[in-house]
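Novice: need coordinates for the below:
(2 chains)
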Amino acid sequence: MTFSNSAELLSFHWVAYSIYAAMIISVVAWFGYNLTRKEAKSVFRIPFYWYMAFLVAGGVGHHIFTYNTIPWVSQDIDRHNIKADATYEFEIENHKWIGLPEKVVVQCGQTIKFDVHSRDLVYGFGLFRQDGSMVMQMQVNPGTDVNGILDSNDILWTFNHNGSFDLTSTEYSGPDQYTEDGKDLMLVKNLVQVVGCNKGGEK
Amino acid sequence: MSFIKNLKEGTNFDHTSLNALQKVTLRSVVMAFLFYGLVALEGMIMRMVEVGRVPLNPLPGQFFHPEHFFSIMTVHPIVGIFGSTYQLVFGAFMFLVPYLTKKPLYSIKLANIVWILITLGTALAWIAAFVWQYAPLYTLYWPLPADTHQFKVIGGIVFIIGVALIMVGTLGFIYNIYATIFARVGIHKNKTTKELLISGFGIDGMLNLINKLRGKQPYSKEPALALPVVAIFRGTVDTFLDALVILGAGILILIYLVFDAGGHALDVTAIDALLYKNFFWWGLDLVADGLVLIYVAGSWYLLAMLITGQKLFMENVARAALMLELLVSWMVWSHHLLGDQGQPEMMKLISGEMVTAFELLTQGLALFITLVTLWKARPLKMTMELKYLLGGMVGFGLAVPAAIIQADMGMNRVLHNTQWIIGAHVHIALIVGLYMTLYSAVYVLWPLVTNNTKLYSHKLSNAHFWLHLIGGIGMGAFMGMAGLDGMLRRHLYVDGQFNPDMVFAAIFGSMLLLAWALFLYNIIMSVGLRGLIGIFLPAKDATASYGIEEELEPADDPAFANN
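Specialist: Numbering: from 1, shown residues only, chains lettered A, B, ... in the order given. Sure, this is the predicted structure:
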């Protein structure tokens, strides 16, 4: 099982967490009801050590599961050793993108490196589908090294589904990001366009 | 009794019968619930903005302006966390520590200074946002709080002074609590500081466990400190560290603002933004993943014992686990930096993911111990305090796994900074988990701090419970769903892009506001307006303890000074 994009992951997460939420609410409600009954008996006994083992397995197993099913985890950790198919580098200053290409066209399955630098504040870099859902995001911290070169905030991303994605800053950097009537000045419509994938994703 | 008479006089509340400890406790509690109302109102305003400029939205246009919106967003957590939650917790603990240790509170004067400083500090921070629209948000990401192009210097200075006052008040609370715990008076007359320290850190519980495994006699059959006091002791360590970090950040910002005001602006790049983020999140996370969880675990244990009238199940394990929780809380801050590409991968992996996952263990253990303690005492009457305790456990049962899910390098890439974090995790943890636990404590302590004042209406209490529970879970759930749909948490949406999620979140949010109004009404009708004012009048009885023989306040006791 592998999630080929964040939409699949978020759908899975929605279902799994909703089931869990319904379960925990029901268990406590059932527990509360039985607390008031003298004749209530344990339906099943949960040995303490098994319960603790379950929690450990849940906490650790979750990360093992995501490492093996979400492709961008290992790619992110190892990104300095991976050669991108294309690299786009740009800056942000005073709530404006500087050096941003007019359009980033990506062939299906290509791995793209985005390297973003901030000249003043903490910003974010996030791509969004046309329905508003998030493709991915990262923080963009300002700063320079000892030689005065702006710090990198880089991310590798492999695009496996066709689509047109908007860009905006995902971190708050002050009210100047917006016009008085609330228009987002850092929103860039349809910056990234992915082409060449099948309907279900992949080439 | 007529409505007017009830409104004026309450049921049978007599503020003149309250001693100094009861009065100072109630002062904190009253301020906490007034600030809660303010924070609920702010939350609703922001939710209505996110619903967008749609027909039937009654919100005036000015709230949609970014300066206004983000000013509210900046003070919302300050008022909620410090003005309300801190005050409520501090008030309860300044009553509980003397009550449980059977010793007087170290200083009533200091306790009064604490609630006044926190109230004043919260008011100043709020004024800075309201008047000067200072809006760097609670995260204070460097160098935004020192950005004088976007914010007025005076607003920043007033805001920082406000936060500093809150932290000074917090340090006052900490001093009062530790001075009370370590006071060698009453039942601790013959205890040494070392014995109290060992018990405070739960080392006696750990040694008892080790001795049990080795087939030896327990290290301590009767620990020096009761378990809930151990939790307060332990959680207060994080409260102290957190206060130092926030004060430190405040001083840094203040220096930059003052120099700017003097026409000698300092270079903001002298401070590394990522290093600052690490420092600040280490401190701030001691609230979310430190003191809140430890205080809550301690409160659950206390409530379970008081509700059942029995000893806590696996008490030694609970004592030892509180120590583990303290250590874990110092090492988990990196889960806030999983989206920061400059953060070392090992820190993300170890601190951000692995150690953070331990919280599932520590909180799961607290849940288990509390539930088994209750279960062993059945049948129990479904009292208000039991209802709220179960509600609190549901809240953390939902919010802690939500936190573990997002503290993952894969999930965080698509959940960080979304409404999922603030809705499904933070608001459910605070509103349902923490507040319902605190309401349970309020109902348990009510007869003690009010000298058995009759509650005006149990129907209203029940209505408050259900509205709060359903409103809290519902609002958090719809905010969480909007987050999964891509809605950011620190972003302005004015066109209703995430409706109907935001409409439902607003409906459930209004249930929370209504719940608070019913609770407030019930309390006012119980104590009466005269009683409410009387709480703030000086106490005739200067006793600083509850349920023990009258003793001098340790601060005024020459014998205490010699110790």
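
Novice: what bridges to the spatially most central residue of chain A?
Specialist: Centroid check for chain A by Cα atoms, centre = their mean gives A:Met136 as the closest residue, at 4.3 Å. Beta bridges link A:Met136 to A:Leu127 when assigned by DSSP bridges.

Novice: which residues touch it?
Specialist: Residues near A:Met136 by Cβ atoms under 8 Å, 6 or more residues apart in numbering or on different chains: A:Ser6, A:Trp72, A:Gly126, A:Leu127, A:Ile155, A:Trp157, B:Arg413, B:Val414. Just so you know, the C-beta spots here come from the backbone N, C-alpha and C atoms, and that holds for glycine as well.

Novice: wait, isn't the second one in contact with B:Arg413?
Specialist: Yes: A contact is recorded between A:Trp72 and B:Arg413 when judged using Cβ atoms under 8 Å, the distance being 6.0 Å.

Novice: so where's the chain uncertain?
Specialist: Going with chain A. Applying pLDDT under 70 to chain A flags residues A:42-44.

Novice: looking at chain B here, not the other one
Specialist: Using pLDDT under 70, chain B drops low at B:1, B:549-563.

Novice: select the longest helix from chain A.
Specialist: Longest among the helix segments of chain A by residue count, using DSSP state H, is helix A:6-35.

Novice: what's the offset of it from the middle of its chain?
Specialist: 22 Å (Cα atoms, centre = their mean, to the nearest Å).

Novice: helix or strand next in line after that helix, which one?
Specialist: helix A:48-69 (DSSP states H and E).

Novice: sorry, back to before: show me which of the contacts of A:Met136 is closest to B:Gly156.
Specialist: A:Gly126 (27.9 Å; Cβ to Cβ).

Novice: relative to its centroid, which residue of chain B is most remote?
Specialist: Farthest-from-centroid check, chain B (Cα atoms, centre = their mean): B:Gly215, 40.7 Å.

Novice: hmm, back to that, farthest pair within the contacts of A:Met136?
Specialist: Top of the distance list for these (Cβ to Cβ): A:Trp72 and A:Gly126, 14.0 Å.

Novice: of these two, which one has the most company?
Specialist: Neighbour count, other Cβ atoms under 10 Å in any protein chain shown: between A:Trp72 and A:Gly126, A:Gly126 has more, with 28 against 22.

Novice: I'd assumed A:Ile155 was in contact with that one.
Specialist: No: A:Gly126 lies out of contact with A:Ile155 (Cβ under 8 Å); the separation is 10.3 Å.

Novice: gap between stretch A:51-63 and the chain center?
Specialist: 23 Å.

Novice: quick one: residues contacting B:Tyr456.
Specialist: Per Cβ under 8 Å, 6+ apart, neighbours of B:Tyr456: B:Asn6, B:Gly10, B:Thr11, B:Asn522, B:Ile523, B:Met525, B:Ser526.

Novice: any chance of the residues you listed in JSON lines, plus secondary structure, distance to B:Ile198 and neighbour count?
Specialist: Shown next, in JSON lines, are the contacts of B:Tyr456 (DSSP: H, G, I helix; E, B strand; the rest coil; distance: Cβ to Cβ, whole Å; neighbours: other Cβ atoms under 10 Å in any protein chain shown):
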{"residue": "B:Asn6", "secondary structure": "helix", "distance to B:Ile198": "51", "neighbour count": "17"}
{"residue": "B:Gly10", "secondary structure": "coil", "distance to B:Ile198": "45", "neighbour count": "26"}
{"residue": "B:Thr11", "secondary structure": "coil", "distance to B:Ile198": "45", "neighbour count": "17"}
{"residue": "B:Asn522", "secondary structure": "helix", "distance to B:Ile198": "43", "neighbour count": "19"}
{"residue": "B:Ile523", "secondary structure": "helix", "distance to B:Ile198": "40", "neighbour count": "25"}
{"residue": "B:Met525", "secondary structure": "helix", "distance to B:Ile198": "47", "neighbour count": "20"}
{"residue": "B:Ser526", "secondary structure": "helix", "distance to B:Ile198": "42", "neighbour count": "22"}
